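Asks: kindly generate the corresponding structure for this input.
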Amino acid sequence: RPPRSTLFPYTTLFRSKDQSGELRFVKDAADTEDGENLGLIAFYGEDEGNNQTRFAGITAEISESAETDEAGKLTLFVTESDGTTASSSPGLILEGEHATDGEVDVTIANGAASTTTIAGTLTMGSTAALTNAGLVAVANQSSITGLGTISSGVWNGTAVASAYLDADTAHYSAQRQMTY
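Replies: So this is what the prediction gives:
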């Protein structure tokens, strides 16, 4: 713990070994509604012009308030700028789904130009999807139903059997030779 003479304000949540501290935001309203904010933690600092600026925040809100079907939403915001105007944008959103047991949807980043960095292996379910080198780890799948256009590179696979070519495809075999 910092000494009491410290100039910085602080709050200590102290509990015994078998208990944990709790910081509780309680919205005691007659009837809360979906989308209603329950609490905000805001982080302010001075910019270079000595203006108090909110650089980050955490907001908790009600996603669904129906009795016995409740779901929450937690959003982490950061300030970003286009060079002239700064605004607070969500960078991480966690939202519990109602009527769907065990489902929590996650939105990472904000906008197509955002970069999302994952250290280590990306796992989907229990299967590694990408290695930490960025290589696809699940390409050898028996149920791949589509593939984009391969525009460069060398075909290193086995020959495609005639049975897999459609009737309009010209192909050569020892029994049938093409004539012009």
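Asks: mind listing the helices for the protein?
Replies: Counting by DSSP state H, the chain forms no helices at all.
Asks: check the residue positioned nearest the centre of it and give its pLDDT.
Replies: Centroid-nearest residue in the chain: residue 108, 3.0 Å away (criterion: Cα atoms, centre = their mean). According to the predicted model, the pLDDT of residue 108 comes to 94.
Asks: wait, what's in contact with it?
Replies: With contacts defined as Cβ atoms under 8 Å, 6 or more residues apart in numbering, residue 108 is in contact with 91-92, 116. Using the backbone N, CA and C atoms, a C-beta is placed for each residue, glycine as well.
Asks: distance of it relative to residue 90?
Replies: Residue 108 is 10 Å from residue 90, where distance means Cβ to Cβ, to the nearest Å.
Asks: again with residue 162
Replies: Residue 162 sits 54 Å away from residue 90 when distances are taken as Cβ to Cβ.
Asks: and the two? which has more neighbours close in?
Replies: Of the pair residue 162 and residue 90, residue 90 is the one with more neighbours under other Cβ atoms under 10 Å, namely 15 against 11.
Asks: on the pLDDT front, check the spatially closest residue to the more buried one that is not a sequence neighbour for me.
Replies: Using Cβ to Cβ, 6 or more residues apart in numbering and skipping the chain neighbours, the partner closest in space to residue 90 is residue 75 (4.9 Å). Reading off the per-residue confidence, residue 75 sits at a pLDDT of 97.
Asks: what do you get for residue 138?
Replies: Residue 138 is assigned a pLDDT of 68 by the prediction.
Asks: mind listing the residues bridging to the residue nearest to the centre of the chain?
Replies: Beta bridges link residue 108 to residue 92 when assigned by DSSP bridges.
Asks: ok, the longest strand along the chain: who's next to it in the sheet?
Replies: Criterion DSSP state E: the longest strand present in the chain is strand 52-64. According to DSSP bridges, the neighbouring strands of strand 52-64, each with its direction, are strand 37-46 (antiparallel), strand 71-81 (antiparallel).
Asks: winner for burial among those?
Replies: Ranked by mean neighbour count, the strands paired with strand 52-64 are led by strand 71-81 with a mean of 16 (mean count of other Cβ atoms under 10 Å).
Asks: where exactly do the strands run in the protein?
Replies: Read by DSSP E, the chain holds these strands, from start to end of the chain: 37-46, 52-64, 71-81, 86-96, 104-108, 122-124, 127-130.
Asks: other SSEs contacting the last one?
Replies: Same thing as strand 127-130. Under the contact criterion of 3 or more Cβ pairs under 8 Å, 6 or more residues apart in numbering; DSSP states H and E, strand 127-130 touches strand 122-124.
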